[in-house]
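# coords please:
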Amino acid sequence: QVQLLESGGGLVQDGGSLRLSCAASGSIFVVNDMHWYRQAPGKQRELIASITSGGTTYHPNSVKGRFTISRDNAKNTVYLQMNSLKPEDTAVYYCNADVVIQAIRDRTYNYWGQGTQVTVSS
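Residues are numbered from 1 along each chain as shown. All right, here's what the predicted structure looks like:
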């Protein structure tokens, strides 16, 4: 089994910064693409950042220039640096990863973290 453990959420003022981390652990053969999603109250979960194992990144326009995804493949960890935070960034942030597990190496499984709350006060 594989677990994703997020950390780094909290309360920050408008214009502030936070850095989220998500570490994958368990019976991992390789971690492929990793993603960050967020879900605000009453809204659908939205993709806000993706990174391939080779380091290619994607950010939608809503966060481009403010949020940056990165990863450490040796630690199976993905990060999300969030700058210039706004009250509308308030949400639960979720880590998501495509993982090949040790026991079954011919397919990829998708896993979610438990989420971490980010609150931006005005």
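# the strands in the chain, which residues?
2-7, 10-13, 18-26, 28-39, 46-51, 57-58, 67-72, 77-82, 91-101, 109-112, 116-121 (DSSP state E).
# Next, format those as TSV and append mean neighbour count.
(C-beta placed from N, C-alpha, C; glycine too.) What follows is the strands of the chain, written out as TSV (neighbours: other Cβ atoms under 10 Å):
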stretch	mean neighbour count
strand 2-7	17
strand 10-13	13
strand 18-26	18
strand 28-39	19
strand 46-51	19
strand 57-58	13
strand 67-72	18
strand 77-82	22
strand 91-101	20
strand 109-112	14
strand 116-121	17
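# Including mean pLDDT, could those strands go into JSON lines?
Output for the strands of the chain, formatted as JSON lines (pLDDT from 0 to 100):
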{"stretch": "strand 2-7", "mean pLDDT": "96"}
{"stretch": "strand 10-13", "mean pLDDT": "98"}
{"stretch": "strand 18-26", "mean pLDDT": "98"}
{"stretch": "strand 28-39", "mean pLDDT": "97"}
{"stretch": "strand 46-51", "mean pLDDT": "98"}
{"stretch": "strand 57-58", "mean pLDDT": "98"}
{"stretch": "strand 67-72", "mean pLDDT": "98"}
{"stretch": "strand 77-82", "mean pLDDT": "98"}
{"stretch": "strand 91-101", "mean pLDDT": "98"}
{"stretch": "strand 109-112", "mean pLDDT": "98"}
{"stretch": "strand 116-121", "mean pLDDT": "98"}
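# and stretch 85-92, how far out from the chain's middle?
What separates the centre of stretch 85-92 from the centre of its chain is 15 Å, taken as Cα atoms, centre = their mean, to the nearest Å.
# and residue 97, what is it in contact with?
Taking Cβ atoms under 8 Å, 6 or more residues apart in numbering, we find residue 97 in contact with 2, 4, 22, 24, 31-35, 78, 110-111.
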